[in-house]
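A.B. asks: heads up, no residue letters with this:
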């Protein structure tokens, strides 16, 4: 079955909510107290997705296989605690469900995010990644993202150290 790519619509809010929450929980859930994880996962609520999908400042591209969403990438305005250089875009999330990893989906999604950021006139594309997420860090480094600094990423009341990375476009 082929993977198809398209822009997300408000009709995708529930599926995006489920992918975001499930992927985060599968990857990092064991690190947190249940109450902290529950607070954090509210960020992935369908209502939040409907709001962002209706906001022209956000662009979300989805990967779909057999009518089922299997991954997505979200671009938005910079909100990380850093001083962006020049015009900046931010890669807010790039998630691929576990069973579809290693099939080129993340590559297609990151390529779209880089090109879309360039098309929007951004000089830099920023993102943040958990310091202990070595797979994701290596992935972004393949695309020439460089560390910019660290900050406290909050999951409920739990602070993790995330690395802010940037790509010169």
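C.D. replies: Yes, it's here. Given the structure is predicted, the values throughout are model-derived calculations rather than measurements.

A.B. asks: Following the worst-scoring helix or strand of the chain on mean pLDDT in sequence, what is the next regular element?
C.D. replies: When each helix and strand of the chain is scored by mean pLDDT, DSSP states H and E, helix 34-41 comes last, with a mean of 85. Later in the chain than helix 34-41, the nearest helix or strand by DSSP states H and E is helix 46-53.

A.B. asks: other SSEs contacting that next one?
C.D. replies: If contacts are counted by 3 or more CB pairs under 8 Å, 6 or more residues apart in numbering; DSSP states H and E, helix 46-53 sits against helix 13-28. The way it works is simple: take the backbone N, C-alpha and C, and place the C-beta from them, glycine included.

A.B. asks: any idea how far the helix it packs on is from the chain center?
C.D. replies: Remark: helix 13-28 is offset 11 Å from the chain centroid, using CA atoms, centre = their mean, to the nearest Å.

A.B. asks: Same check on stretch 135-149?
C.D. replies: The answer for stretch 135-149 is 14 Å, by CA atoms, centre = their mean.

A.B. asks: Can you pull out the residues in contact with it?
C.D. replies: If you take CB atoms under 8 Å, 6 or more residues apart in numbering as the criterion, stretch 135-149 is touched by 82, 106, 110, 114, 125-127, 129-131, 163-168.

A.B. asks: For stretch 130-137, measure first residue to last.
C.D. replies: 8 Å (CA to CA, to the nearest Å).

A.B. asks: meant to ask about stretch 117-135
C.D. replies: Note: stretch 117-135 ends 23 Å apart using CA to CA.

A.B. asks: all strands of the protein, in order?
C.D. replies: In the chain, the strands defined using DSSP state E lie at 3-7, 59-65, 68-76, 88-96, 124-130, 146-155, 158-168.

A.B. asks: can you list these in CSV and add mean neighbour count, mean pLDDT and distance to residue 53?
C.D. replies: CSV is the format used below for the strands of the chain (neighbours: other CB atoms under 10 Å; pLDDT from 0 to 100; distance: least, CB to CB, whole Å):
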stretch, mean neighbour count, mean pLDDT, distance to residue 53
strand 3-7, 13, 97, 9
strand 59-65, 20, 97, 6
strand 68-76, 21, 96, 10
strand 88-96, 22, 96, 13
strand 124-130, 22, 96, 20
strand 146-155, 15, 90, 23
strand 158-168, 18, 93, 25
